[in-house]
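Trainee: Here you go, sequence then predicted model.
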Amino acid sequence: VLGVSAANLIAINSRVQVAGDPSRYATFASLATAASGMTPPSDPPILKTGTFVGAPMPRLDIPAKTNGSALFGIDVSPKIDARLAATTPTATNTGMLYAAVKNAPVWGGTVKSVSSTPPSGTTAVVNLGNAVAVVATDTWKAINGAKSVSVTWNTPADATSRTSSTITTTAKNLLASGTGVVVAEGDPAAVGSALGATPTLDQTYQLPYLAHIPMEVPNATVLPIYTAGILTAMEVWAPTQAAGSGWALTAAAKASGLAESAIKVHTTLLGGGFGRKIETDFITTAVKTAVGIKKPVKVIWPREEDFGHDWYRPFAVARVRALLAADKTIGAWSFRTVTQSIMQRFGWWAPGWGADSTAIECATTKTGVPYATAAKAVEWVPLNVSIPTGFWRSVGASINTFVIESAVDELAAAAGMDEYAFRKNLLAKSADPNAPRFAAV
């Protein structure tokens, strides 16, 4: 492209340029297609210093987030209003509206009936199937209308079984004698024999379902475009983590009935996501609401709806049994956990496929437990309950690391050692090639 040898080229500022002549360059974007067909070198040299590597770099988003110009999902109203002020021939809608969602009180519930008369101060109620959206001329009126709207619900048959006590009892029974156990590492029977009847540690840990609770509640703004009274196109503004995967676009198309080519999704900054905003339910509710009223609308989930209708980090019960060796390392270790499969709802795990990687994350040697252990067994028992679960920043690591490190603290106490010194000893005697890096940290 540039007519010079690779030795005369440098990569800088997202482009490849001729050394000493910044006027001759090609952008990374223009080279990407051709580069994708090349075989990369097996051992490329790593830059020790340069424009970016080894140099302090200011975050480019800080000024906008500091001076208030940054566009989050919740901030897009002025942008839409400006679009409406200069209405195009195909955008026949005028007047930005606002809506708040009221979901079924139980997961899996549906609308049985809803009053056709909007609550006082609101303009419309849209039946979304498993929720309703209350529309008004501002957010505050919509939120209050959603609190007072009259709805009766169809409740799932298994709703009464979804109590904390029932789920806990089910999980503990599986922990004790559950079938269908996936053996992730080691031989549980052999390790059980090594542990003997009275291991140094035999402890059960329990962790709850957790909501994501991002600072910015789920929201999306939709501009439906009608031509001669027929919906022909749509634009969506959303603080979504699912734009890159295409899930946001697919959800909007499914909810609207439009082809994906007729929809444009604008990804805004998001005020916290943590995995919650890779879900597309809040985009679906906004699209359905806009189609229902045939007007541009911003739809938000009040905080109560965000708490009560999340895709939660899974509940888990885990048992650790461990035996101290004479050299203050771990002679035998048994880790058995019961929790739901996050991957199953995406079709990425099914019974017989081995372990759900998110369920055993940071529980096995391969996934980051470098402590010296003579004999180890890791088991996972799937928990099947109809509570919605999803990716929650670090997922299984947040569960398993808490359990493992708590157990290691208790083993340190049993060894009569400081927790830090105990870990240093485990790492010093570990054969894991990553142990020196953990020790350095």
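Mentor: Perfect, thanks for sending it. This is a predicted model, so every value here is computed, not measured.

Trainee: Would you map the helices across the stretch 251-400 of the chain?
Mentor: 281-293, 303-308, 396-415 (DSSP state H, counting those that start in this stretch).

Trainee: Point out the other elements, helices or strands, that the second one touches.
Mentor: Of the remaining helices and strands, those touching helix 303-308 by 3 or more C-beta pairs under 8 Å, 6 or more residues apart in numbering; DSSP states H and E are strand 97-103. (Each C-beta comes from the backbone N, C-alpha and C, glycine too.)

Trainee: So what touches the strand it packs on?
Mentor: 123, 126, 128, 130-139, 141-143, 145-147, 149, 151, 282, 285-286, 289, 293, 295-302, 305, 308-309 (C-beta atoms under 8 Å, 6 or more residues apart in numbering).

Trainee: which residue is nearest the centroid of the protein?
Mentor: residue 275 (1.7 Å; C-alpha atoms, centre = their mean).

Trainee: Pull the contacting residues for it.
Mentor: 212, 241, 311, 390-393, 395.

Trainee: and which of those is nearest to residue 8?
Mentor: residue 241 (40.8 Å; C-beta to C-beta).

Trainee: I'd say the closest one and residue 268 touch.
Mentor: No. Residue 241 is beyond contact range of residue 268, at 11.4 Å (criterion: C-beta atoms under 8 Å).

Trainee: is it true that residue 186 touches residue 374?
Mentor: No. Look at residue 186 against residue 374 with C-beta under 8 Å: they stay out of range, at 10.8 Å.

Trainee: More neighbours: which of those two?
Mentor: residue 186 (20 against 13; other C-beta atoms under 10 Å).

Trainee: Distance check, the more buried one against residue 109.
Mentor: Remark: distance between residue 186 and residue 109 (C-beta to C-beta, to the nearest Å) = 43 Å.

Trainee: same check, this time on residue 399
Mentor: Taking C-beta to C-beta as the measure, residue 399 falls 28 Å from residue 109.

Trainee: which one of these two has more residues nearby?
Mentor: residue 399 (26 against 16).

Trainee: now the more buried one: how far from residue 250?
Mentor: 30 Å.

Trainee: Can you list the low-confidence ranges for the protein?
Mentor: 47-51, 78-94, 180 (pLDDT under 70).

Trainee: Output the helix or strand residue 132 falls within as CSV - backbone C-alpha positions only.
Mentor: Using DSSP states H and E, residue 132 sits in strand 131-136. Presented in CSV, the C-alpha positions along strand 131-136 are these (Å, rounded to 0.1, in the frame of the first residue of the first chain):
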residue,chain,number,x,y,z
ALA,A,131,-45.3,-6.2,32.0
VAL,A,132,-47.0,-2.9,31.3
ALA,A,133,-45.5,0.5,30.4
VAL,A,134,-47.2,3.6,31.7
VAL,A,135,-46.6,6.6,29.4
ALA,A,136,-46.6,10.3,30.4
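
Trainee: That one - contacts with which helices or strands?
Mentor: strand 97-103, strand 110-114, strand 124-127, helix 139-148, helix 281-293.

Trainee: Recalculate using a threshold of 7 Å.
Mentor: Packing contacts for strand 131-136, counted by 3 or more C-beta pairs under 7 Å, 6 or more residues apart in numbering; DSSP states H and E, involve strand 97-103, strand 124-127, helix 139-148, helix 281-293.

Trainee: Would you mind putting the ones you listed into a markdown table with mean neighbour count and distance to residue 260 alongside?
Mentor: Below are the helices and strands packed on strand 131-136 laid out as a markdown table (neighbours: other C-beta atoms under 10 Å; distance: least, C-beta to C-beta, whole Å):
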| stretch | mean neighbour count | distance to residue 260 |
| --- | --- | --- |
| strand 97-103 | 26 | 24 |
| strand 124-127 | 20 | 23 |
| helix 139-148 | 19 | 29 |
| helix 281-293 | 25 | 12 |
